[in-house]
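*Asks:* Provided below are the primary sequence and the corresponding predicted coordinates.
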Amino acid sequence: MDSILVKGNGPLNGVIPIAGAKNACLTLMPATLLSEEPLTLTNAPRLSDIATMTQLLQSLGAEVASLQDGQVLAMSSHDINNHTADYDIVRKMRASILVLGPMLARDGHAIVSLPGGCAIGARPVDLHLKALEAMGAELDLRDGYVHAKATGGRLKGAVVEFPFVSVGATENALLAATLAKGTTVLKNAAREPEIVDLAQCLRRMGAQIEGEGSNTITIQGVDRLNGATHPVVTDRIELGTYMLLPAICGGEVECLGGRLDLVGAFVERLEEAGVSVVETARGLKVTRKNGRVNAVNVTTEPFPGFPTDLQAQMMALLCTADGVSVLEEKIFENRFMHAPELLRMGAKIDVHGGHATVTGVERLRGARVMATDLRASVSLILAGLAAEGETVVSRVYHLDRGYERVEEKLRGVGAHIERITS
Ligand code: EPZ
């Protein structure tokens with residue numbers, strides 16, 4: 001297992017290109033199953049999760065070609081000859097459940113392994129299943145798999161009201177509804193930019209969708225969808241992560257492709273902390289001129305609130321802030337696993353249930369730490385870049401799921417970082 005070594009080395013300055021969004025690409029790729037014509041995604045990120053989704057789609061019979069060094073995914077699902085998403089692939093990545101809705105919508109049947117939990121929580125998929133049942137799917141859970149078939153061979157439109165916001169359940173239902181017979185209304189739908197991006201791609205394929213980005217999405221089912229070419233939206237979580245580099249180390253970094261509308265609530269907290277964010281012709285420029293940032297309080301919420309996927313990274317910053325900050329994690333039940341690792345670096349954090357109270361310190365100290373999940377891994381790198389001395393982050397396979405070419409991008413702004421291959 002690889003590790004990454006970083007050295008605390010003062011202000012970072014320069015330019016970082018932001019990739020296409022992992023969490024958009026992972027829901028756009030299953031859309032290929034909805035059409036027999038080619039679907040091509042551009043601006044795709046080069047990540048291990050994308051490789052896993054590629055492997056899954058290919059196991060179903062789809063053709064997926066990774067072109068231009070992985071930035072273009074040329075897909076075709078003309079011949080789907082297997083409708084079983086196997087546990088060995090699904091257990092590696094929860095987003096695999098997103099092939100269920102499209103397979104049901106296209107061919108009326110599917111067998112998909114239940115994803116199982118993950119480090120940050122149980123993460124059930126009951127909302128996905130309830131939405132598909134409302135659309136006429138008959139589901140039989142056995143042997144760890146969902147055996148699904150559409151009554152009468154085709155899903156039908158339905159009104160689906162989610163009891164609470166779920167990104168994945170909204171995506172599964174949206175994908176399925178495009179080919180259902182009749183009208184589907186998704187109420188209390190997720191509003192994340194990745195949902196908007198998916199709707200825009202599906203509309204390019206001929207789907208009839210209204211309301212994406214609001215909490216009510218209406219879909220008029222059609223009989224077939226065409227192919228399309230669609231650019232993956234900028235990754236707002238990679239963007240927010242790299243905007244924190246000058247905040248925690250000092251300096252000035254311009255994130256190419258960054259857009260304020262993708263990170264509104266996050267930027268509000270950054271500015272409250274004393275960091276300057278300016279929109280440029282190429283993206284977002286972030287500067288921290290004076291010393292330590294101010295302490296701020298953070299509560300994670302569904303979009304457009306503060307994203308849970310930036311909570312760990314923000315905690316790393318607040319470990320160095322001047323004052324006491326409180327972070328409230330309201331989306332996942334176990335998403336403070338980076339805290340014990342930050343404590344090893346001299347941070348002062350008290351975790352009680354969904355609240356973490358962080359008392360900022362002048363300087364963190366480098367240490368050997370362990371990545372526990374994707375966003376925790378990058379929070380430890382942020383902390384290491386600001387710490388005194390050297391930090392070695394182990395189990396960086398977590399990092400490679402969501403951050404492409406991380407050493408190259410960080411070296412580009414002056415970071416001392418290297419990968420240790422064991
Ligand atoms: C997506 O996960 C993202 N993953 C997550 O990013 C992100 O943290 C999350 O949305 C919230 O924004 C992808 O898009 C691939 P949810 P998802 O359904 O869809 C519970 C990352 O780091 N829930 O919005 O799984 C669930 O347990 C990852 O890139 C149910 O109880 O999230 C959670 O507590 C981590 N039943 C809450 O709802 C369900 O059927 C929100 O989950 C579905 C979800």
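*Replies:* Nice, thanks for sending it over. Small disclaimer: the values here were computed from a predicted structure and weren't measured. Numbers count the residues shown, from 1 in each chain.
*Asks:* so residue 197 sits against residue 31, correct?
*Replies:* No: using C-beta atoms under 8 Å, residue 197 makes no contact with residue 31, being 10.7 Å away. Backbone N, C-alpha and C define where each C-beta goes, glycine included.
*Asks:* which one is residue 213 nearest to, not counting chain neighbours?
*Replies:* Nearest residue to residue 213, sequence neighbours excluded (C-beta to C-beta, 6 or more residues apart in numbering): residue 196, at 4.6 Å.
*Asks:* distance of that neighbour from residue 33?
*Replies:* Distance, residue 196 to residue 33, using C-beta to C-beta, to the nearest Å: 21 Å.
*Asks:* give me every residue in the chain lying close to the ligand.
*Replies:* Applying C-beta under 6 Å from any ligand atom, we find that the chain lies next to the ligand at 22-23, 26, 94-95, 121, 123-128, 166-169, 308-309, 331-332, 374-375, 402.
*Asks:* count of neighbours near the spatially closest residue to residue 319 that is not a sequence neighbour?
*Replies:* The spatially closest residue to residue 319, leaving aside those adjacent along the chain, is residue 347, at 4.0 Å (C-beta to C-beta, 6+ apart). Counted with other C-beta atoms under 10 Å, the neighbours of residue 347 add up to 24.
*Asks:* and for the one 10 residues further on?
*Replies:* Using other C-beta under 10 Å, residue 357 is surrounded by 15 other residues.
*Asks:* in a strand, it, correct?
*Replies:* Yes: under DSSP: H, G, I helix; E, B strand; the rest coil, residue 357 sits within a strand.
*Asks:* so it sits right up against residue 336, yeah?
*Replies:* No: in this structure residue 357 lies outside contact range of residue 336 using C-beta under 8 Å: 11.1 Å.
*Asks:* list the contacts of the residue nearest to residue 319.
*Replies:* For residue 347, the contact set (C-beta atoms under 8 Å, 6 or more residues apart in numbering) comprises 319, 339, 358, 361, 364, 383.
*Asks:* if you average the pLDDT over the helix or strand where residue 341 lies, what comes out?
*Replies:* Taking DSSP states H and E as the definition, one finds residue 341 inside helix 338-343. Averaging pLDDT along helix 338-343 gives 98.
*Asks:* and the next helix or strand after that helix, how far out from the chain middle?
*Replies:* Scanning forward in sequence from helix 338-343 by DSSP H and E, the next helix or strand is strand 348-352. Centroid displacement of strand 348-352 relative to its chain, using C-alpha atoms, centre = their mean, to the nearest Å, is 26 Å.
*Asks:* strand partners (parallel or antiparallel) of strand 348-352?
*Replies:* Paired neighbours of strand 348-352 in the sheet (DSSP bridges): strand 355-359 (antiparallel).
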